[in-house]
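1. Sequence plus predicted model, see below.
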Amino acid sequence: MLDIRMFREHADVIRADHDRRGLQHDAIDEVIRLDEAWRKARYDADQLRRKRNEAARGIAAAKKAGDDAEFQRIKSEVDAIAAEIEALGELSDGHESERDRIRMSIPNILHADVPAGDGDEGNTQHSLHGEKPTFDFDARTHNDLIEMNKWVDLPRAAKIAGSRFYFLKGDLAHMELALQQYAVDFISERGYTFVQPPVMMNREAYEGVTDLADFESVMYNIQPDGYYTIATSEHPLTAMFMDEVIEPSLLPIRIVGVSPCFRREVGAHGQGDKGIWRVHQFTKVEQIIISHPDDSWNHHEELLTNCVDLWDSLGLHYEVVNICTGDMGTVAAKKYDLEAWLPGRGEFKEIVSCSNCTDYQANRLRMRYRTTDGNAAVHTLNSTAVATSRALVAIMEQNQLADGRVRVPDCLVSRMGGKTHLEPCEW
RNA sequence: GCGGACGUCGCAUAGCCUGGUAUCGCGCCGGAUUUGAAAUCCGGUGGUAUUCGCCGCGGGAGUUCAAAUCUCUCCGUCCGCGCCA
């Protein structure tokens, strides 16, 4: 959510941003109109409250003096004002809640470097890493590899849960665990505090970190308690500082978290989503930085550097892309994706997302830091380190051998009991 | 799940019984003093509006002319009991 002061003092900035995104200005105009109406109603109500308070000051004295006539006179005066205050209060509350409902749907202000474009085809390449693997046989897709090696059981998962769930088995399951530990250790060594978050959140906290539309299409709603399962540990790890004033000396707060992630994936059906590429549950190691506003763009590059170093160490071929205006979403001001080369499919596919959300989440969550001139919103940043299911897909496709086995990346061998190749399961 | 205690500004606390202007301390910021620092002294330190002000005591509702204070309810914390990976 944008700071209301942006609408009052720098509406031109929001309008220019809407122009870049190809959006109409109706919502901006409506927020400004409702804000002015709210301030007027609020001011009028304040004046009435003031009159009431001034009158009521005589009541205590009248009571103490036992002057009942004076008490009755003041009471009737105060009663008349109270009815007016009631009506104005409802009016201003209505304006305020409607203003903020619309304000929450207005996206963040994009960074100047974000390239223009309508959809993901407008994303631009930032850098290319690793070497493209070559094969003297036809490279298989991960779907083929998990089936022939019996590393993933989709039919039985569908039987007991539903489609897009999976059992992960044998050596592939071991490598999933090794990846989690490797990534957590890798990021921890750079001064990030390891945190394991709750995997369910309440509605209020969740509204602070995500696009409202996600409640319909992304998160599972757990009844009867009304919790939402997290789509990523970004959400609890960012919201954990909700309603707090953070001592500036604690900034930046660097966190590496790991958690299962749950996604409803409403409407996802394509051929490209087969296997374990797009699933309802996966594990992700995530980086979070709570930053002073002046430092957030440096920290955004820091998060990207961590990702690049981590994925380089896995020996994989991938590109970094700069996400364009049309592919950005509501919350981030700038976003890099890492896209891994999948030789079985012959294309780059998203494995990491690295975002600076500036003060957009912090405004909604009331996450502030103390300054000499009052409290100001912090900036929040997040980046995948490793989403293990997608990392497994990239490793399987890039490290596959002619017989269908898969070479374990060197950095994971010691965490796999010295095993250098993933062997098939018997069943 | 049962019983009890509790929730007050960044932290820590008083006020609650007996309704009537949010208390003291720490930390932090500014100023004085000082070569500098410590110590000491003065002022400021919730939100909003900046124009008198208005609102704020975990959230919501109620009683009342008036609620931090009384009542109900929800959330959370602590202690004891029970159950349990």
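-> Arrived safely. Numbers count the residues shown, from 1 in each chain, chains lettered A, B, ... in the order given.
2. Show me what the helix ranked longest in chain A packs onto, helices and strands only.
-> Using DSSP state H to assign secondary structure, the helix with the most residues in chain A is helix A:26-65. If contacts are counted by 3 or more C-beta pairs under 8 Å, 6 or more residues apart in numbering; DSSP states H and E, helix A:26-65 sits against helix A:4-9, helix A:11-21, helix A:68-105. For glycine as for every other residue, the C-beta is placed from the backbone atoms N, C-alpha and C.
3. For the ones you listed, give me a markdown table that also has mean pLDDT, mean neighbour count and distance to RNA strand B.
-> Converted to a markdown table, the helices and strands packed on helix A:26-65 look like this (pLDDT from 0 to 100; neighbours: other C-beta atoms under 10 Å; distance: least, C-beta to the nearest atom of the strand, whole Å):
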| stretch | mean pLDDT | mean neighbour count | distance to RNA strand B |
| --- | --- | --- | --- |
| helix A:4-9 | 88 | 14 | 7 |
| helix A:11-21 | 94 | 15 | 14 |
| helix A:68-105 | 80 | 15 | 4 |
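4. what's the closest of those to residue A:346?
-> The closest of the helices and strands packed on helix A:26-65 to residue A:346 is helix A:11-21. By C-beta to C-beta, the value is 31.6 Å.
5. Please give the number of neighbouring residues around the closest residue to RNA strand B within the stretch 201-350 of chain A.
-> The stretch 201-350 of chain A approaches RNA strand B most closely through residue A:245 (4.0 Å), counting by C-beta to the nearest atom of the strand. Other residues lying near residue A:245 total 13 when counted by other C-beta atoms under 10 Å.
6. Compute the mean per-residue pLDDT across the longest helix of chain A, please.
-> Averaged over helix A:26-65, pLDDT sits at 81.
7. buried ones in that helix?
-> By 16 or more other C-beta atoms under 10 Å, the buried positions in helix A:26-65 come out as A:27-28, A:31-32, A:34-35, A:37-38, A:41-42, A:45, A:48, A:52, A:55, A:58, A:62.
8. same thing with stretch A:369-385?
-> Neighbour counts over stretch A:369-385 (16+ other C-beta under 10 Å) mark A:369, A:377, A:378, A:379, A:380, A:381, A:382, A:383, A:384, A:385 as buried.
9. now, among those residues, which is nearest to residue A:344?
-> Closest to residue A:344, out of all of the buried residues of stretch A:369-385 and judged by C-beta to C-beta, is residue A:384, at 21.9 Å.
10. does the spatially closest residue to the closest one that is not a sequence neighbour sit in a helix or strand, and which one?
-> In space, and not counting its chain neighbours, residue A:384 is closest to residue A:352: 4.2 Å by C-beta to C-beta, 6 or more residues apart in numbering. Secondary structure assigned from DSSP states H and E places residue A:352 in strand A:347-356.
11. That strand - contacts with which helices or strands?
-> For strand A:347-356, the elements it packs on are helix A:296-313, strand A:318-322, strand A:334-342, strand A:379-387, helix A:388-398, judged by 3+ C-beta pairs under 8 Å, 6+ apart.
12. In a markdown table, list these along with mean pLDDT and distance to RNA strand B.
-> Shown next, in a markdown table, are the helices and strands packed on strand A:347-356 (pLDDT from 0 to 100; distance: least, C-beta to the nearest atom of the strand, whole Å):
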| stretch | mean pLDDT | distance to RNA strand B |
| --- | --- | --- |
| helix A:296-313 | 97 | 21 |
| strand A:318-322 | 97 | 34 |
| strand A:334-342 | 97 | 26 |
| strand A:379-387 | 96 | 17 |
| helix A:388-398 | 97 | 23 |
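13. can you list the residues of the stretch 51-200 of chain A near RNA strand B?
-> Proximity of the stretch 51-200 of chain A to RNA strand B is confined to A:53, A:54, A:56, A:59, A:60, A:63, A:75, A:78, A:79, A:82 under the rule C-beta under 7 Å from any atom of the strand.
14. which one of those residues sits closest to residue A:108?
-> For these, the residue nearest residue A:108 by C-beta to C-beta is residue A:53; the value is 40.6 Å.
15. Now do that closest one against residue A:68, distance only.
-> Residue A:53 is 22 Å from residue A:68, where distance means C-beta to C-beta, to the nearest Å.
16. same thing with residue A:397?
-> Applying C-beta to C-beta, the value for residue A:397 to residue A:68 is 89 Å.
17. just residue A:274 next, same as before
-> For residue A:274 relative to residue A:68 (C-beta to C-beta), the value is 83 Å.
18. what do you get for residue A:241?
-> To residue A:68, residue A:241 is 54 Å away according to C-beta to C-beta.
19. got it, and residue A:417?
-> Going from residue A:417 to residue A:68 by C-beta to C-beta gives 90 Å.
20. now do residue A:22
-> Separation of residue A:22 from residue A:68 (C-beta to C-beta) stands at 69 Å.
21. Which stretches in the stretch 151-300 of chain A count as helices?
-> Using DSSP state H, counting those that start in this stretch, the helices of the stretch 151-300 of chain A run over A:154-160, A:170-188, A:203-207, A:214-217, A:234-239, A:296-313.
22. Just name the most buried of the ones you listed.
-> Most buried of the helices of the stretch 151-300 of chain A, by mean neighbour count (mean count of other C-beta atoms under 10 Å): helix A:234-239, with a mean of 27.
23. Can you confirm whether it lies near RNA strand B?
-> No: using C-beta under 7 Å from any atom of the strand, helix A:234-239 never reaches RNA strand B; the gap is at least 14.5 Å.
24. what bridges to residue A:289?
-> Beta-bridge partners of residue A:289, counted by DSSP bridges, are residue A:254, residue A:381.
25. Touching, it and residue A:381? I think so.
-> Yes: at 4.4 Å, residue A:289 and residue A:381 qualify as touching, with contact defined as C-beta atoms under 8 Å.
26. That's all I had, so thanks and see you.
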